[in-house]
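**Q** sequence unknown, structure follows:
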């Protein structure tokens, strides 16, 4: 163990975000490194590899202007730490934890390493508490619960951020006794997107913390920002007992940054050039959502993932779907019809829904209504293909009803504009639609408990 | 023996420690992290570390443990959740709280109470590896205490009594002590007298599996499926209802919340056959996606070794792994950190052979004690983008006996289990159908053939419906589509346990209705197809 920082001027290579320094004694993997040069540029880095006395450092900042002769590398002796304290609420930082506006850094109560340890599976509390987002397509059919990680799969040009803004506004404080906080990690956003989100946050009335990495900020900080956000989230949730909603936008930019950095490190590229460890890397973020047995507070993660080329099998949404507990999928088609939010409920899914709904949580008939809506809409959507071929007149009357229902479901249930619907209003609306089209399965209740027809076979499937 | 760390890169550590054997277990650094020697040079050794290497420093110590990566086997495994290196997670929680920090040694079998031992051998008896020395109770099971494979001698001391923790059950004449717990290297399959061919089915309680794609005891099934197709739910459902003695469940690189859910459910639910809590017949090995990747690679070996141990005691064991793709990815990550030449999609070229030798550890065996035990496997696969041409699916296809394809379309229609009956197959089909037929009735075979025929014809008819619409179809064909719909909705889809008798009764009802309706049509009578 060393007690003081030690400095070196023995940099022998600089390439992109990597720096090689030689003749180093005693250094740790993952140790925090500070870089300075005569012009005073100071940035941080992390020890990536050690080969005897040669140390490879990953730099976090803008490396333009550094040279081998004048750069001074000092090793701090420890891992990167995050300052934590309740005063962090209401503050805005960049990807290196530098305050963006106004005040200097607050006086922290405690420092914690950025890289957290994984939560012990036996310590996890199963998430069961319903979060009312005020959006029928989510509350009714893809219910979100505290401690869940539920991404929004969007396509370029679709109103993902408007949807997120609505969720923030609606899900805000109001429900439980636990204080509610939003932590926002903006990754590679344009100024326009950024200011949209910040306005939405200001509107929520909830307290928030923001970590902002703009499109022209260093790429390495894009990988750090969500980790800083989650370290703060863990502190606020599990030590201060708050319900924390972590909003990350956009994970596409995060994954591209990961690819860029991996490539610079000359690692072997995997599918579409993304590194082979992208699954583990994404999991190290998303798996920090959850609840701890015997403690107040929760971390719910709501990432926005823009699917390149609208392709859900692209590695980014694909790996995300394997890790997260469901997904909310936006549809270009619905958007073009003017439906807001344009949520396609068929590929959307909340794996934790079954645990969060029903008597005492939402309403006793929630599951039955949701299943019937889903089933009828799925059938209606299938019939649309047939309609395209044989025409509406060539179809049976019952099928025509389903077609009409599907249209009404999209226009009246999914489409809700800026209205906020309570869970009761959502279920009532669903019931009303089913009754209007006489689709309420009469024998549903008559079949009794032991039945396992597909109508009540909606398990929450998990990959 | 002691050495130092001379270089560090991700989970790979180089040390100047010499005298190691390949795959020896070593303790790395101040916290004694578990590692394995994967490459030896004359003056250095490369260590694969199974835990988080952040914070390791140049010059920290590396110590050999003098054995390869092993697990402890003996009474006390059931009902416990271990990590990929067989560390009990509940013990870990006591040490580091709700987050998994570094700890030095955690023993897998940390027994506090005495065990009642009943001896079956007496002093003077010659014994050899696999022989049964006596019994202790473990929950619902009478737990045989075996002579560890490879040991033999003549018993000098043995008697029935209460064993204190750490006490041995017998001493051999050569002075060797044999305890109720022994250790076994995870990468070495446990020996047996002979392997038998799979004979009887594992009744899973899932109609589509038991009826159409049965699994044999000692057989292997693979379940590939994209995300959201219900792999985990299907595996967990089988883990609940399968008619086996012991279930080993490996959560390999999957979600933490699912594991907490599973423990909760398994504690509450009881085994339909014994009435005891499901947890009492289950061992869980859990390495969630955010836990160290290298331990994920080891987790399936840890699990299969425990499975083989129960097999050697004469039990029917079912190992469920979710998911093999995450294991393969861990293998790929390790391989790439060792700078090995990559094969297809970056996976090492030995992916297929490693997987094959893992799958070959399944089977029905005659143990050295003359008992019959079986180890069956159900392995889920998560193909990227739901594309089955990828290397892991293809590698497993070569060795797995049963292939249960999960279909995104079915899952989107909320048809669960979303097993696609057109693409799935089982190599145990013929033999197991014979078994079911013998056990239940000759109708099993007959109904099966008719059910398959309806489903096959439905596939063909569906294409025509797409073009001409249902209105344009002949009445006979519409009847068939209707029956197929019933088979799908009321028979193939299910969310509860269905014993074979009920499975047969259900399909029988549908098909007999169908036969009657069809007969009615031949007579030219009006038929109500929906019956």
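**A** Cool, got the structure. Quantities reported herein were computed from a predicted structural model and do not represent experimental measurements.
**Q** Tell me how many other residues crowd residue B:365.
**A** 22 (other CB atoms under 10 Å in any protein chain shown). Backbone N, C-alpha and C define where each C-beta goes, glycine included.
**Q** Quickly find the element holding it.
**A** strand B:363-366 (DSSP states H and E).
**Q** gap between that strand and the chain center?
**A** In terms of CA atoms, centre = their mean, to the nearest Å, the gap separating the centre of strand B:363-366 from the centre of its chain is 16 Å.
**Q** Check stretch B:433-451 too.
**A** Distance, centroid of stretch B:433-451 to centroid of chain: 28 Å (CA atoms, centre = their mean).
**Q** Report the strands that pair with the strand holding residue B:365, each with its relative direction.
**A** If you go by DSSP bridges, strand B:363-366 pairs up with strand B:194-196 (antiparallel), strand B:372-381 (antiparallel).
**Q** quick one: the helices in the stretch 151-300 of chain B?
**A** In the stretch 151-300 of chain B, the helices defined using DSSP state H, counting those that start in this stretch lie at B:207, B:231-241, B:256-268, B:293-312.
**Q** ok, of those, where does mean pLDDT dip lowest?
**A** Mean pLDDT is lowest for helix B:256-268 among those, at a mean of 89.
**Q** Give the burial count for residue 200, as a bare number.
**A** Defaulting to chain A. Neighbours of residue A:200 (other CB under 10 Å): 21.
**Q** wrong one, chain B
**A** Around residue B:200 there are 17 residues (other CB under 10 Å).
**Q** Name all residues that make contact with the residue lying closest to it once chain neighbours are set aside.
**A** Of all residues beyond its chain neighbours, the one nearest residue B:200 is residue B:217 (5.2 Å), with distances taken as CB to CB, 6 or more residues apart in numbering or on different chains. Taking CB atoms under 8 Å, 6 or more residues apart in numbering or on different chains, we find residue B:217 in contact with B:198-202, B:244, B:316, B:364, B:374, B:376.
**Q** any chance of those in CSV, plus pLDDT?
**A** Compiled in CSV, those are given as follows (pLDDT from 0 to 100):
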residue, pLDDT
B:198, 85
B:199, 84
B:200, 93
B:201, 95
B:202, 96
B:244, 95
B:316, 96
B:364, 97
B:374, 97
B:376, 97
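**Q** So among these, which ones count as buried?
**A** Those of the contacts of residue B:217 that meet the buried threshold are B:198, B:200-202, B:244, B:316, B:364, B:374, B:376, by 16 or more other CB atoms under 10 Å in any protein chain shown.
**Q** mind pulling up the phi and psi values for residue B:70?
**A** Dihedral angles of residue B:70 (phi, psi; degrees, to the nearest 10) stand at phi -130, psi 160.
**Q** do residue B:344 as well
**A** phi -60, psi 130.
**Q** In contact with it, which residues?
**A** Per CB under 8 Å, 6+ apart, neighbours of residue B:344: residue B:391.
**Q** packing partners for the one helix or strand in chain B whose mean pLDDT sits lowest?
**A** Ranked by mean pLDDT, DSSP states H and E, the weakest helix or strand in chain B is strand B:161-163, scoring a mean of 85. On a contact count with 3 or more CB pairs under 8 Å, 6 or more residues apart in numbering or on different chains; DSSP states H and E, strand B:161-163 meets strand B:115-119.
**Q** Buried residues of the strand it packs on, list them for me.
**A** Buried, per 16+ other CB under 10 Å, within strand B:115-119: B:115, B:117, B:119.
**Q** Stretch B:402-422 now?
**A** Those would be B:402-408, B:410-421, for stretch B:402-422 by 16+ other CB under 10 Å.
**Q** so which two of the contacts of residue B:217 are the farthest from each other?
**A** B:199 and B:244 (14.5 Å; CB to CB).
**Q** Help me confirm that residue B:328 comes into contact with residue B:345.
**A** No - Residue B:328 lies out of contact with residue B:345 (CB atoms under 8 Å); the separation is 9.8 Å.
**Q** what is in contact with those two at once?
**A** With CB under 8 Å, 6+ apart, residue B:328 and residue B:345 have common neighbours residue B:391.
**Q** So between these two, which is more surrounded?
**A** More neighbours surround residue B:328 than the other of residue B:328 and residue B:345, with 27 against 15 (other CB under 10 Å).
**Q** would that one count as being in a helix?
**A** Yes - assignment of residue B:328 by DSSP: H, G, I helix; E, B strand; the rest coil places it within a helix.
**Q** wait, what's in contact with it?
**A** Residue B:328 neighbours (CB under 8 Å, 6+ apart): B:347, B:351, B:355, B:391-392, B:395.
**Q** can you do 10 Å?
**A** Counting by CB atoms under 10 Å, 6 or more residues apart in numbering or on different chains, residue B:328 touches B:252-253, B:297, B:345, B:347-348, B:351, B:354-355, B:381-382, B:390-393, B:395-396.
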